[in-house]
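Novice: Next comes the sequence, and after it the predicted model I'd like to discuss.
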Protein chains: 2
Amino acid sequence: MSSRLKDVAARAGVSVRTVSNVVSGSASVAAETRQRVQEAIEELGYQPNLAARSLRAGRTGIIGLAIPELHSPYFGELAGLLVDEAQRRSWTVIIDQTRGDAEAERRLLTQSGGRVVDGLIISPWALDPAELAATAPAVPLVLLGERSPQEAADRVAVDNVAAADEATSHLIGLGRRRIAAIGLQPHLHNGTARLRTEGYRRALDRAGLPHPTAAQRPVAALHRADGARAMAELIDGPVAPDAVFAFSDELALGALHVAHERGLRVPEDLAIVGFDDIEDGRYSHPPLTTIAPDKQQIAERSLQCLADRIYSPGNDVPPQELFVPHRLVKRGTA
Amino acid sequence: MSSRLKDVAARAGVSVRTVSNVVSGSASVAAETRQRVQEAIEELGYQPNLAARSLRAGRTGIIGLAIPELHSPYFGELAGLLVDEAQRRSWTVIIDQTRGDAEAERRLLTQSGGRVVDGLIISPWALDPAELAATAPAVPLVLLGERSPQEAADRVAVDNVAAADEATSHLIGLGRRRIAAIGLQPHLHNGTARLRTEGYRRALDRAGLPHPTAAQRPVAALHRADGARAMAELIDGPVAPDAVFAFSDELALGALHVAHERGLRVPEDLAIVGFDDIEDGRYSHPPLTTIAPDKQQIAERSLQCLADRIYSPGNDVPPQELFVPHRLVKRGTA
DNA sequence: ATCGTTGAATGCAACGTTGCAATACCCTTT
DNA sequence: AAAGGGTATTGCAACGTTGCATTCAACGAT
């Protein structure tokens, strides 16, 4: 079925080494010999055995991407960009789904069960930052969006505090005074929600506006259903808000859905700002105003970080923190 | 840095082979020896080298999933289920994005550039069915949703003709008479759109209703934007429809968006049925009526097909066609 | 006491590839 | 004619693992 260098060599009447030279293009081979070998390769349909190549090279050419949920639009879009970018560097991407499971994240970091990847891009969700910092990763690592007490690895993220501040300030600028937040995750160690909460409060403090606990709704996950539930709680609560900053577009879309159900006009009665700029948000009714992180740059810079560490393993550059730009995209909801 | 069987063996004072026996658990090892080896493994943080293992075994434990677009909600959700299911079989999944590129699909089928995966699940989009049937795949193959003249590989799909018929019949049952279709893809070789068109026409024929060409809108891709464009064309066309069957939920959501923009009431003025049952559809306004394929079963049965062929390579069972169930989910748009 | 049987541990070889070093050859220069 | 330099090709070894066959010891049965 599958042929090896040896078979090609026999057919072309040259040594195994020469065929290897032709395939890799590293050493010089006479034009005529190369031609003959190429023909033999074609005829036999030779494909290099990557296992053998990896064994020799100590590298697999595969990098891992670990995200909480594949079906989340934000991570779906980001994964698409990362795969494209990896292809350009002739890397293959393995995508892992952690589902917010600490054990799954731990397993990936230590690569227990076998090291398949040359590097790992992970969006930690459940893992305690302290543990994250303490765990010696088995491979070069890029963290997406997390912030640990002392950075354990390269990190690529938007400036969540500034972005949340900007979103909230936009609502304040529209004259809103009862601005709620949806998306706190006190039960998780993930730092993103905490940072966005910080930015939200900072903007309100600066404007001299209150941020009562009842207006800051925690969620179990970042799905539409969670946003819908939180919005219903807000409407039924002591002080119905005139604006909501949702920590993800999915939450925002869930909230928008409930607002419609309850007969609220958006944005007149209720303004909404989301976060992520997922494609769905452009087609909601009305289209969603949101914070748009530069996903393309997240993809590019994450891979650049990995490449730097994979190709110069000895070089112990300290972990760096990269911020990618974001911008407020004004559409219909605020 | 990373230790090998040899290192563990030296530390535990046994042979390399014995350590291998402990790790694989295949041969019998004395309890005391096993204990000692386990300790050495712990102390050294030994991880098996998968490249070496694959080289020996001739299998990588990795399967490929090739889909047109990762960020599409339908494929995102499906991919999530497939990864879960693969994990249960202790397989790793590599996800490839073909972006509707025939060359990319060809490359995956032949695994040119190196065989990484033990099997491939592919949703062919651009590749000519004839070519698909003619190409000898380099690895066991499962086709998602495609239909080629003579099946070249196992296929897992919903019965698209029946499902489209059902969707259209539902609209007819609601008393609609000018039923448009959005999502034809005459430029692509992908059979899915063709099958859904067939079901759509069949239902209309049975009811004695017309299906003028102008009411059957082709699209470049299955995105919301394409659905929006097609909907605008329909409204501005000679006969504005009172119902639309969109070949994907994304198209339907784009259409819904435009309907709102143009002041049409949904479902009163315009009924809409989508296809895929993506999560967004549950949170649109109003929520989307759609055909829901059983994605869980698609995932399970695809992997079962692969497993059968990977673990009994000689066994030349002819390609089989598996249909998974679907159902019409009535929500707010029709 | 001897034999066969079982359980435990081992050595050798091979999977397919590439780095290294060596060789063989031809052509140019002195 | 001999030395030197370059190009083309090759053999050997090693990457880390596991299948196979073998060895060794211990034990129960004859």
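Specialist: The structure has been received and is ready for your questions.

Novice: Phi, psi for A:Asp7 please.
Specialist: Phi and psi for A:Asp7, reported as degrees, to the nearest 10, are phi -70, psi -40.

Novice: Now do the same contact list for it.
Specialist: By C-beta atoms under 8 Å, 6 or more residues apart in numbering or on different chains, the contact list for A:Asp7 reads A:Leu44, A:Tyr46. Yep, even glycine has a C-beta here, placed from its N, CA and C like the rest.

Novice: how about the nearest residue to A:Glu77 once chain neighbours are set aside, secondary structure?
Specialist: Leaving aside its sequence neighbours, A:Glu77 sits nearest to B:His71 (C-beta to C-beta, 6 or more residues apart in numbering or on different chains; 4.2 Å). Look at B:His71: counting by DSSP: H, G, I helix; E, B strand; the rest coil, its state is coil.

Novice: pLDDT score for B:His71?
Specialist: Here, the pLDDT recorded for B:His71 equals 78.

Novice: is it true that it touches A:Gly76?
Specialist: Yes. Look at B:His71 against A:Gly76 with C-beta atoms under 8 Å: they come within range, at 4.4 Å.

Novice: And those two? Which one has more around it.
Specialist: A:Gly76 (24 against 20; other C-beta atoms under 10 Å in any protein chain shown).

Novice: quick one: the helix or strand where that one lies to helix B:73-88, angle?
Specialist: Assigned by DSSP states H and E, A:Gly76 falls within helix A:73-88. Per axes from the mean of the first three to the mean of the last three C-alpha atoms, to 10 degrees, the angle that helix A:73-88 makes with helix B:73-88 is 80 degrees.

Novice: Flag every buried residue along helix A:73-88.
Specialist: Buried residues in helix A:73-88, counted by 16 or more other C-beta atoms under 10 Å in any protein chain shown: A:73-83, A:85-86.

Novice: ok, the closest residue to DNA strand C within the stretch 151-300 of chain A - how many residues close by?
Specialist: Closest residue of the stretch 151-300 of chain A to DNA strand C, C-beta to the nearest atom of the strand: A:Asp154 (27.2 Å). A:Asp154 has 23 neighbours, counted by other C-beta under 10 Å.

Novice: give me the beta-bridge partners of it?
Specialist: Bridge pairing for A:Asp154 (DSSP bridges) gives the partners A:Val142.

Novice: Show me the strands in the stretch 201-334 of chain A, by range?
Specialist: A:216-218, A:243-246, A:271-275, A:289-293, A:321-324, A:326-329 (DSSP state E, counting those that start in this stretch).

Novice: mind putting the ones you listed in JSON lines, mean pLDDT and mean neighbour count included?
Specialist: Formatted as JSON lines, those follow (pLDDT from 0 to 100; neighbours: other C-beta atoms under 10 Å in any protein chain shown):
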{"stretch": "strand A:216-218", "mean pLDDT": "97", "mean neighbour count": "21"}
{"stretch": "strand A:243-246", "mean pLDDT": "98", "mean neighbour count": "30"}
{"stretch": "strand A:271-275", "mean pLDDT": "98", "mean neighbour count": "29"}
{"stretch": "strand A:289-293", "mean pLDDT": "98", "mean neighbour count": "24"}
{"stretch": "strand A:321-324", "mean pLDDT": "94", "mean neighbour count": "14"}
{"stretch": "strand A:326-329", "mean pLDDT": "98", "mean neighbour count": "18"}
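
Novice: Can you say which of the ones you listed is nearest to B:Ile310?
Specialist: strand A:289-293 (39.8 Å; C-beta to C-beta).

Novice: Could you export the closest one as CSV, keeping only the C-alpha atoms?
Specialist: This file holds the C-alpha atoms of strand A:289-293, laid out as CSV (Å, rounded to 0.1, in the frame of the first residue of the first chain):
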residue,chain,number,x,y,z
THR,A,289,-23.1,47.4,19.4
THR,A,290,-20.0,45.6,20.7
ILE,A,291,-16.4,45.7,21.6
ALA,A,292,-14.4,44.2,18.8
PRO,A,293,-11.0,42.6,19.7
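
Novice: Just checking: what are the partner strands of that strand?
Specialist: Assessed with DSSP bridges, strand A:289-293 is paired to strand A:271-275 (parallel), strand A:326-329 (antiparallel).

Novice: Tell me how chain A divides into domains.
Specialist: A:5-48, A:60-158+A:295-325, A:160-293 (automatic domain parsing).

Novice: Of the ones you listed, which stretch is the most buried?
Specialist: Across those, the average number of neighbours (mean count of other C-beta atoms under 10 Å in any protein chain shown) peaks for domain A:160-293, which reaches a mean of 21.

Novice: can you give me the end-to-end distance of that one?
Specialist: Taking C-alpha to C-alpha, to the nearest Å, domain A:160-293 runs 10 Å from one end to the other.

Novice: Any stretches of the stretch 101-250 of chain A with poor pLDDT?
Specialist: A:113, A:149 (pLDDT under 70).

Novice: which residues touch the residue of the stretch 151-300 of chain A closest to DNA strand C?
Specialist: For A:Asp154, the contacting residues are A:Leu141, A:Val142, A:Leu143, A:Cys305, A:Arg309, A:Pro319, A:Gln320, A:Glu321, A:Leu322, by C-beta under 8 Å, 6+ apart.
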